[in-house]
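Engineer: Mind folding the following:
(one chain, ligands or ions: 1)
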Amino acid sequence: MNIPFGVPMIGPEERNAVAEVLAGPILVHGPKATDFERAFAEFTKAPHAISVSSCTAGMHLIYFTLGFGPGDEVIVPAQTHVATAHAVELTGAKAVFVEAETETGNIDIDKIEAAITSKTKAIAVVHYLGVPVDMPRVKAIADKHSLFLLEDCALSPGASVDGIHTGLHGDAGVFSFYPVKHITTAEGGMIILKDSELAAKLKLRKAFGVDRTHGERKVPGVYDTVVLGFNYRMSELHAAIGIEQIKKLPDFLAKRLANHQELSRNLANVDGLNVLPAPVNDRFTSCHYCLSVILDPTLAARRPEIMDELTKAGVGSSVYYPQPVPRMTYYKEKYGYDETLYPYATMFSDQTIALPVGPHLNANDMKTIADTLIKIIKNINNG
Ligand SMILES: *Cc1c(COP(=O)(O)O)cnc(C)c1O
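Structural biologist: Numbers count the residues shown, from 1 in each chain. Next comes the predicted model:
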């Protein structure tokens, strides 16, 4: 493939950093995880950053630490990665799905209040494809009902609202460093938050609930376990990659923006196809995970063929996300599924194609992607 959808941007810096860790004695509990946390906090201007083994682990850790369990409900978007809902369900609490808004694919804020019950403990939002949710509006609802507000920031490093980084509008934000995300540590995640007390609790639960970190143990082997906890730590190898990746993030973001703008221009005015906007204005800064094209229903019916032709032409594409989460078998069987509730969440799953704009690509690639797609659509319309 000439133009893959996503490529981990690993260079000699990351390779050397990992080799250096491997040459030493410290593979966990070391300075790399703390350095990466510090760098991530600096980038986002977060008071606290806590490294974890994945975004899913981070979200689960938060809900578990808050004591969520059977009988509790958390509002989540219907259009998202299944992890957003799984993190809730893992505690025994129930994920309650809310429809997407058509303009952005983000949770429809106007529909949140109707989903709140006496059992609701939290609202989770997702910055879909890096377009930030209008957080002040969601925050007002969360405050009015005294609910915890979690931001799934897996696709939103670099995205902000009113000059404040995503993840810092609500009570906590969780990022993912899975290989095809904006930056990678192979597997990994980061929680950012403002509240020092909650940060301390999360750190405790992240590592078995043990009352002393490795560095704090004056006498080796002397520690106590005060609460139930996980092993959701990030290793020094993963963190070493992250330290190099975060240095490159501003450059990656600039390339994503330029590619997105170029591809948007190239795909403007194509019949049967609309580009999902990714605003950069005085309030919202998107971070361009991909460029999503919305196909009209006739073209959407032929999406498998269109994507197959793209692949044959060497252009990678993807679907975000392949199903509205309540339509996935696990959730469908557990809660039943009423398709009339989520027409827009369903539209994003069934009628869009995600095209690559990652930093591995340039303006020429954007031209190739657009030309290829336009040609495929012409052939379909004529044939
Ligand atoms: C990728 C993704 C996740 C999962 O991240 P992991 O680090 O793999 O756990 C969660 N939420 C969203 C919105 C994602 O895109």
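Engineer: rest of the way, CA atoms for contacts and neighbours
Structural biologist: Noted.
Engineer: list the buried ones in stretch 199-215?
Structural biologist: For stretch 199-215, the buried set under the neighbour-count rule, 16 or more other Cα atoms under 10 Å, comprises Ala199, Lys201, Leu202, Lys203, Leu204, Arg205, Lys206, Ala207, Phe208, Gly209, Val210, Asp211.
Engineer: And those residues, which is the shakiest by pLDDT?
Structural biologist: Taken together, these show their lowest pLDDT at Asp211, with 79.
Engineer: Tell me who's in contact with it.
Structural biologist: Contact partners of Asp211, counting by Cα atoms under 8 Å, 6 or more residues apart in numbering, are Leu204, Tyr223, Asp224, Thr225, Val226.
Engineer: Pull out the buried members of those.
Structural biologist: For those, a neighbour count by 16+ other Cα under 10 Å gives the buried set as Leu204.
Engineer: Secondary structure element holding Val88?
Structural biologist: For Val88, the host element (DSSP states H and E) is helix 82-89.
Engineer: other SSEs contacting that helix?
Structural biologist: helix 55-65, strand 73-77, strand 94-98 (3 or more Cα pairs under 8 Å, 6 or more residues apart in numbering; DSSP states H and E).
Engineer: now the closest residue to Ile377 other than its chain neighbours: how far from Lys378?
Structural biologist: Leaving aside its sequence neighbours, Ile377 sits nearest to Ile306 (Cα to Cα, 6 or more residues apart in numbering; 7.4 Å). For Ile306, the distance to Lys378 equals 11 Å [Cα to Cα, to the nearest Å].
Engineer: between these two, who's got more neighbours?
Structural biologist: More neighbours surround Ile306 than the other of Ile306 and Lys378, with 20 against 13 (other Cα atoms under 10 Å).
Engineer: tell me the SS of that one?
Structural biologist: Secondary structure, DSSP: H, G, I helix; E, B strand; the rest coil: Ile306 is helix.
Engineer: what sits against it?
Structural biologist: Listed by Cα under 8 Å, 6+ apart, the contact partners of Ile306 are Leu373, Ile376, Ile377.
Engineer: for Gly6, same thing?
Structural biologist: Val180, Gly316, Pro356, Gly358, His360.
Engineer: So which of these sits lowest on pLDDT?
Structural biologist: Val180 (94).
Engineer: Could you grab the helix/strand/coil label for the closest residue to that residue other than its chain neighbours?
Structural biologist: Residue nearest to Val180 in three dimensions, not counting chain neighbours: Gly6, with 5.3 Å by Cα to Cα, 6+ apart. Of the three states, Gly6 takes coil according to three-state DSSP.
Engineer: Could you give the separation of stretch 121-128 from the chain centroid?
Structural biologist: Put simply, stretch 121-128 sits 11 Å off its chain's centre (Cα atoms, centre = their mean, to the nearest Å).
Engineer: What mean pLDDT does it get?
Structural biologist: Stretch 121-128 comes out at a mean pLDDT of 98.
Engineer: Likewise for stretch 222-233?
Structural biologist: Rounded mean pLDDT across stretch 222-233 is 92.
Engineer: can it be found next to the ligand?
Structural biologist: No - under the criterion of Cα under 6 Å from any ligand atom, the ligand is not reached by stretch 222-233; the shortest gap measures 11.3 Å.
Engineer: Mind listing residues that contact that stretch?
Structural biologist: 51-54, 57-58, 61, 204-212, 217.
Engineer: Restrict stretch 53-61 to CA atoms and write it as PDB.
Structural biologist: The C-alpha trace of stretch 53-61 is given here as PDB (Å, rounded to 0.1, in the frame of the first residue of the first chain):
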ATOM      1  CA  SER A  53      -1.300   0.600  30.500                       C
ATOM      2  CA  SER A  54      -4.100   1.700  28.100                       C
ATOM      3  CA  CYS A  55      -6.900   4.200  27.700                       C
ATOM      4  CA  THR A  56      -9.400   1.400  28.600                       C
ATOM      5  CA  ALA A  57      -7.500   0.600  31.700                       C
ATOM      6  CA  GLY A  58      -7.400   4.300  32.600                       C
ATOM      7  CA  MET A  59     -11.200   4.700  32.300                       C
ATOM      8  CA  HIS A  60     -11.900   1.500  34.200                       C
ATOM      9  CA  LEU A  61      -9.500   2.600  36.900                       C
END
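Engineer: before we move on, the earlier item: go through the contacts of Gly6 and name the one nearest the ligand.
Structural biologist: Nearest to the ligand among those is Val180, at 8.4 Å by Cα to the nearest ligand atom.
Engineer: how about the closest one, secondary structure?
Structural biologist: At Val180 the chain is in coil, as set by three-state DSSP.
Engineer: For it, give me its contacts.
Structural biologist: Gly6, Val7, Pro8.
Engineer: Could you check how far the last one is from Asp371?
Structural biologist: Right, the one you point to is Pro8. If you measure Pro8 against Asp371 using Cα to Cα, the figure is 25 Å.
Engineer: Those two: which is more packed in?
Structural biologist: Neighbour comparison, Pro8 and Asp371: the larger count goes to Pro8, with 17 against 13 (by other Cα under 10 Å).
Engineer: Quick check, Glu262 in contact with Met366.
Structural biologist: Yes - using Cα atoms under 8 Å, Glu262 is in contact with Met366, at 6.5 Å.
Engineer: So those two - more neighbours on which side?
Structural biologist: Neighbours were tallied for Glu262 and for Met366 using other Cα under 10 Å; the higher tally belongs to Met366 (25 against 19).
Engineer: Make sure the more buried one is indeed in a helix.
Structural biologist: Yes - according to three-state DSSP, Met366 belongs to a helix.
Engineer: Can you tell me how far it is from the ligand?
Structural biologist: Between Met366 and the ligand the distance is 23 Å, computed by Cα to the nearest ligand atom, to the nearest Å.
Engineer: helix/strand/coil for the residue lying closest to that residue once chain neighbours are set aside?
Structural biologist: Counting by Cα to Cα, 6+ apart, Leu263 is the residue found nearest to Met366 once chain neighbours are left out, at 5.2 Å. The three-state label for Leu263, taken from three-state DSSP, comes out as helix.
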